[in-house]
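Asker: here is the input, now give the coordinates:
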Amino acid sequence: MEKMKALLVDDSNQESVMILGDCQKPEPAAHELLVKIEATALNRADLMQKAGKYPPPKGVTPILGLEMAGIVEKVGKDVEGFEAGDSVFGLLPGGGYAEYCVIHAGHAMKIPDGISFEEAAGIAEVFLTAYQAVIWLGELAPKETILIHAGASGVGTAAIQLARELKLARIITTAGSEEKCSLTAGLGADLCMNYKEENFADSLEETFGKNCVDVIIDFVGSPYWDKNMRILGMDGRLIYLAILGGAKVEKMSLVPILRKRLTVRGSTLRNRDDEYKTRLTKAFHNDAAELFKHNRMKPVIDTIFDWEDVEEAHSRMANNLNAGKIILTGM
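Answerer: Below is the predicted model:
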């Protein structure tokens, strides 16, 4: 069996670390592409899996990495629309921290002209997650108001651009510094609030009035529950993508949900089935490919690390120092 280099989790000590090692090079199934990876991107799920708190789905490689960009080396016998030499990017269930990976052909997209491998590697996870949340789950309508918490995060920056370009929405964000607020404003946010310095619910009511938000995308969880309930308008939609700030809400009132006919939904993407991911990839590509091609949307890249400096890259993410995507390259 042919071998390849990959970044592997070493959990032999008290704290898990990444090490460069050898593993088996994958072979594409009939519906898959074998891709020589040129770049991958970090996601918080990587840190959780590395710590043993987020095991991969059954049958999925234990190698970290939920997205990549690279060059097709081999095409499965049932695949149409791709050939060896194509530059592609896409969503993975795992395996991005390696020299090679296999990807379901329905989850792969050709890299638009003018987009580098490093940029393309930072698109799939955040933009597909944001597209699912804003368009499919949040059902954002044209010119509605959307509040995106953690607006300077990878998914946050993608959600801002999708809401701006596809729905001409009024966009509000929260972030933890003036630099991050400036970033979201540059992407099209009409208002950004520094959650460390102000109560976002008070600020929103003072600026736009009560019950002023149609859709909220939240990664924080319980600390924001009451404020979210307060500012959502009639038929508002609250979408949870993570609960980084806590999962339990004390003394929760259900009255706002009934009184304002609210919808509360939650979703992860990694454990969705292949058919769902194929439909999502196709819908996103149909809506967004030309926007990337003409530079109307772009991934926000924080830093690019050589993949052998992965521990430094993980530390940057773990300490919330990044605004946008952290990329690994040099495979």
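
Asker: work out for me the element Ile257 sits within.
Answerer: If you go by DSSP states H and E, Ile257 is part of helix 255-259.

Asker: what average pLDDT does that helix get?
Answerer: Helix 255-259 comes out with an average pLDDT of 96.

Asker: and stretch 183-198, by the same measure?
Answerer: Stretch 183-198 carries an average pLDDT of 94.

Asker: check stretch 273-288 too.
Answerer: Stretch 273-288 shows a mean pLDDT of 96.

Asker: now swap in stretch 148-158 and tell me
Answerer: Stretch 148-158 carries an average pLDDT of 93.

Asker: in the stretch 51-200 of the chain, which spans are helices?
Answerer: Taking DSSP state H, counting those that start in this stretch as the test, the helices found in the stretch 51-200 of the chain are 117-121, 124-131, 154-167, 178-187, 200-208.

Asker: take the ones you listed and write them to a markdown table, including distance to Pro55 and mean neighbour count.
Answerer: Backbone N, C-alpha and C define where each C-beta goes, glycine included. Output for the helices of the stretch 51-200 of the chain, formatted as a markdown table (distance: least, Cβ to Cβ, whole Å; neighbours: other Cβ atoms under 10 Å):
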| stretch | distance to Pro55 | mean neighbour count |
| --- | --- | --- |
| helix 117-121 | 24 | 24 |
| helix 124-131 | 18 | 26 |
| helix 154-167 | 22 | 26 |
| helix 178-187 | 31 | 19 |
| helix 200-208 | 34 | 17 |
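
Asker: can I get the ones you listed in JSON lines with distance to Gln14?
Answerer: Formatted as JSON lines, the helices of the stretch 51-200 of the chain follow (distance: least, Cβ to Cβ, whole Å):
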{"stretch": "helix 117-121", "distance to Gln14": "31"}
{"stretch": "helix 124-131", "distance to Gln14": "29"}
{"stretch": "helix 154-167", "distance to Gln14": "29"}
{"stretch": "helix 178-187", "distance to Gln14": "33"}
{"stretch": "helix 200-208", "distance to Gln14": "38"}
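
Asker: nearest to Lys251, out of these?
Answerer: Proximity to Lys251, assessed across those by Cβ to Cβ, is greatest for helix 200-208 (17.1 Å).

Asker: helices or strands next to that closest one in the packing?
Answerer: Applying 3 or more Cβ pairs under 8 Å, 6 or more residues apart in numbering; DSSP states H and E, one finds that helix 200-208 contacts strand 145-148, strand 191-194, helix 225-231.

Asker: next, format those as CSV and append distance to Phe200 and mean neighbour count.
Answerer: As requested, the helices and strands packed on helix 200-208 are exported to CSV (distance: least, Cβ to Cβ, whole Å; neighbours: other Cβ under 10 Å):
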stretch, distance to Phe200, mean neighbour count
strand 145-148, 8, 28
strand 191-194, 5, 20
helix 225-231, 6, 20
